[in-house]
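[1] no sequence for this one, just the structure:
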């Protein structure tokens, strides 16, 4: 019986290498899809730098290439049930790789953190033979790392997110991940799926989801640049867009152009919403492209 168990363990360990490579491809393609999406208010697109003067589409591409290997590695660390500190070390190592590639410009710090823990949780699901859907992935995230994220993770008091948390009491990326991406599970992913069903178009579904996230998220990137008043203004703008049908209305492009104009004039960038869109796209891909593996 013992030898039979070890054969099963060996087979599973071989499978995880293959699956982790697939998870990585889905994670990187989610990041690529997010940055390649046009008409994002205030954000870098192939044809625009949005509200940014220090980054462009080519820099994001370079940054994504610098992260190759990370998502497979952290998925395997999750599968192997390694300590929290190992996941942290992996993230910090690839953060340095990313910053080296971008001349110290932070293009994907949020994605390394958010998407990293999502991939580690996928590893846990594979280990436990659980269904690969967003609910199970987020449940594993909460079970395994919520406590560490809340109480063990050293917070940088100088980071924009932490300064906004202290000043306004806004939950940042750490809290969103620790709580299992509630906003994605209950709002962003259902929005993506229903818009995709209505339009048959992944780009339109992604844009609708991004605007939904902007309308709901207390985005520390917005607050850092424009204060709470800017947050309330852009949330209301986004909500009005959605109330009128979002991308399903006839003149949606004109509306988004106007929103983008406001963002760029006031140097506002919904980077937190963009990060969460990347995770939403990743969950959708995992559910539809990886779910038949076991």
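    Perfect, I can see it now. Because the structure is a prediction, the values reported are computed rather than measured.

[2] Could you pull out the helices in the stretch 1-150 of the chain for me?
    Secondary structure of the stretch 1-150 of the chain (DSSP state H, counting those that start in this stretch): helices located at 2-36, 57-66, 70-79, 84-101, 109-127, 134-147.

[3] Mind checking those helices for the one nearest to residue 203?
    In terms of CB to CB, the element of the helices of the stretch 1-150 of the chain nearest to residue 203 is helix 2-36, at 8.5 Å. All C-beta atoms are positioned from the backbone trio N, CA, C, and that covers glycine.

[4] Report the angle between that closest one and helix 57-66.
    170 degrees (axes from the mean of the first three to the mean of the last three CA atoms, to 10 degrees).

[5] Let's test this: mean pLDDT of helix 2-36, rounded?
    If you average the pLDDT over helix 2-36, you get 83.

[6] cool, stretch 78-96 as well?
    96.

[7] coming back round to it: need the helices of the stretch 1-150 of the chain in CSV (columns: mean neighbour count and distance to residue 188).
    As requested, the helices of the stretch 1-150 of the chain are exported to CSV (neighbours: other CB atoms under 10 Å; distance: least, CB to CB, whole Å):
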stretch, mean neighbour count, distance to residue 188
helix 2-36, 16, 12
helix 57-66, 18, 21
helix 70-79, 26, 20
helix 84-101, 17, 23
helix 109-127, 25, 12
helix 134-147, 19, 10
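
[8] can I get the ones you listed in a markdown table with distance to residue 156?
    Below are the helices of the stretch 1-150 of the chain laid out as a markdown table (distance: least, CB to CB, whole Å):
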| stretch | distance to residue 156 |
| --- | --- |
| helix 2-36 | 23 |
| helix 57-66 | 20 |
| helix 70-79 | 20 |
| helix 84-101 | 12 |
| helix 109-127 | 11 |
| helix 134-147 | 19 |
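
[9] Please identify which of those is closest to residue 230.
    helix 109-127 (19.1 Å).

[10] Next, count neighbours for residue 257.
    Applying the criterion other CB atoms under 10 Å, we find 12 residues in the vicinity of residue 257.

[11] now do residue 151
    8.

[12] Checking it next. Helix, strand or coil?
    Here residue 151 is recorded as helix under DSSP: H, G, I helix; E, B strand; the rest coil.
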